[in-house]
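J.: Sequence first, then the predicted structure, then my questions.
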Amino acid sequence: MKGLYKRVFFCGIFFLAVSLIYGQQVSPGVRLFTENEPERAIPLLEKEIAGTNPSPDLYNYLGLAYSQTGNYQKAVEVFEKGLGVFGTNKKVLYYNQGNAYYRLENYNKACDCYSMAIVADSQYAEPYLNRANALLRINDIDNCVTDYVTYLDLRPNDPQEPKIRALLDLLRKEKELRIAEQKRREEEEIRLKQEEERLAAAKAEQERLAAVKRAEEEERRKKLLEEVANSLKQSSDTTNMSAGAEDVLSYEEESDID
């Protein structure tokens, strides 16, 4: 981010020099900003924006001034307002808004802003680098690596190239470790599922055998009860046939009835 402010500072100096060369009046707010006095520049820039036909560039300067004073939320709001104004540099506003969101640790919103800057200009290298940094913060390694590679393609002679390549090596190793860990977890899940299925099958077999045993035991008791019941019935018939036999008239005896 310090590098960003340095670039903006020198751009401001260039803008000031060009304006002086061509005899144009330099905005007091921009002058203070380029003199590295953002706190004093802010009220002047606010006043200039509220005036008649303000320069579209003022939104970017004001947003950066708020960022330099640490008021990143206000910077986000200024950049957002500038995005709705005709003639503003949308890719730069989106990029700087992404930086403000990054400082607010809202990395998802920062990624969104960097993405919009890239949509505005696919050859704009800086948003790729900063989006990669934001993606790293939210642990999106795959897309992070892609953005770092794209940045190096666009800026092959960047002074940070050795550091970025070293980081890419670490990220690729981390990705390999994650893939291996994911594979291990999947294999463990399969093993646990198979073990659960085996235990479920064993339990089902135990329940089946227990049910068969209960049915056999029930059949055995049923037969035993039938045998006992039949035995008791036969014993009862025999007793009835023999009991009171003396009172039974013989067919050979004469009946008292004429």
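T.: Done, it's in. Numbering: from 1, shown residues only.

J.: Low-confidence bits of the stretch 101-250 of the chain, can you list those?
T.: Along the stretch 101-250 of the chain, the parts satisfying pLDDT under 70 run over 233-250.

J.: quick one, strands of it?
T.: Using DSSP state E, counting those that start in this stretch, no strands are found in the stretch 101-250 of the chain.

J.: Would you map the helices across it?
T.: Using DSSP state H, counting those that start in this stretch, the helices of the stretch 101-250 of the chain run over residues 107-120, 125-137, 141-154, 161-242.

J.: elements contacting the longest one?
T.: Helix 161-242 makes packing contacts with helix 141-154 when contacts are defined by 3 or more C-beta pairs under 8 Å, 6 or more residues apart in numbering; DSSP states H and E. (Glycine included, C-beta is placed from N, CA and C.)

J.: before we move on, the earlier item: out of the helices of the stretch 101-250 of the chain, nearest to Thr34?
T.: Among the helices of the stretch 101-250 of the chain, the nearest to Thr34 by C-beta to C-beta is helix 125-137 (20.3 Å).

J.: Run the angle between the closest one and helix 141-154 for me.
T.: Going by axes from the mean of the first three to the mean of the last three C-alpha atoms, to 10 degrees, helix 125-137 is angled at 160 degrees with respect to helix 141-154.

J.: In terms of secondary structure, what does helix 125-137 contact?
T.: The contact analysis (3+ C-beta pairs under 8 Å, 6+ apart) places helix 125-137 against helix 90-103, helix 107-120, helix 141-154.

J.: Restricting to C-alpha, output the second one in PDB.
T.: This means helix 107-120. Taking C-alpha atoms only, helix 107-120 is exported to PDB below (Å, rounded to 0.1, in the frame of the first residue of the first chain):
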ATOM      1  CA  TYR A 107     -11.500  -9.200   1.800                       C
ATOM      2  CA  ASN A 108     -14.500 -10.500  -0.100                       C
ATOM      3  CA  LYS A 109     -15.600  -6.900  -1.000                       C
ATOM      4  CA  ALA A 110     -12.000  -6.100  -1.800                       C
ATOM      5  CA  CYS A 111     -11.900  -9.000  -4.300                       C
ATOM      6  CA  ASP A 112     -15.200  -7.800  -5.900                       C
ATOM      7  CA  CYS A 113     -13.700  -4.300  -6.400                       C
ATOM      8  CA  TYR A 114     -10.400  -5.700  -7.900                       C
ATOM      9  CA  SER A 115     -12.500  -7.900 -10.200                       C
ATOM     10  CA  MET A 116     -14.400  -4.800 -11.400                       C
ATOM     11  CA  ALA A 117     -11.200  -3.000 -12.100                       C
ATOM     12  CA  ILE A 118     -10.000  -6.000 -14.100                       C
ATOM     13  CA  VAL A 119     -13.200  -6.000 -16.000                       C
ATOM     14  CA  ALA A 120     -12.600  -2.400 -16.900                       C
END
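
J.: now for it, which elements pack on it?
T.: The contact analysis (3+ C-beta pairs under 8 Å, 6+ apart) places helix 107-120 against helix 90-103, helix 125-137.

J.: Tell me the secondary structure at Arg31.
T.: Three-state assignment for Arg31 (DSSP: H, G, I helix; E, B strand; the rest coil): helix.

J.: That one: neighbour count?
T.: 17 (other C-beta atoms under 10 Å).

J.: Isn't Ser55 up against Gly29?
T.: No - using C-beta atoms under 8 Å, Ser55 is not in contact with Gly29; the gap is 10.1 Å.

J.: Could you check which of these two has the larger neighbour count?
T.: Gly29 (24 against 14).

J.: which neighbours do Ser55 and Gly29 share?
T.: Common contact partners of Ser55 and Gly29 (C-beta atoms under 8 Å, 6 or more residues apart in numbering): Glu48.

J.: one step back: can you add mean neighbour count and distance to Lys183 and give the helices and strands packed on helix 107-120 back as CSV?
T.: Formatted as CSV, those follow (neighbours: other C-beta atoms under 10 Å; distance: least, C-beta to C-beta, whole Å):
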stretch, mean neighbour count, distance to Lys183
helix 90-103, 24, 34
helix 125-137, 22, 23
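
J.: Right, I'll call it a day here.
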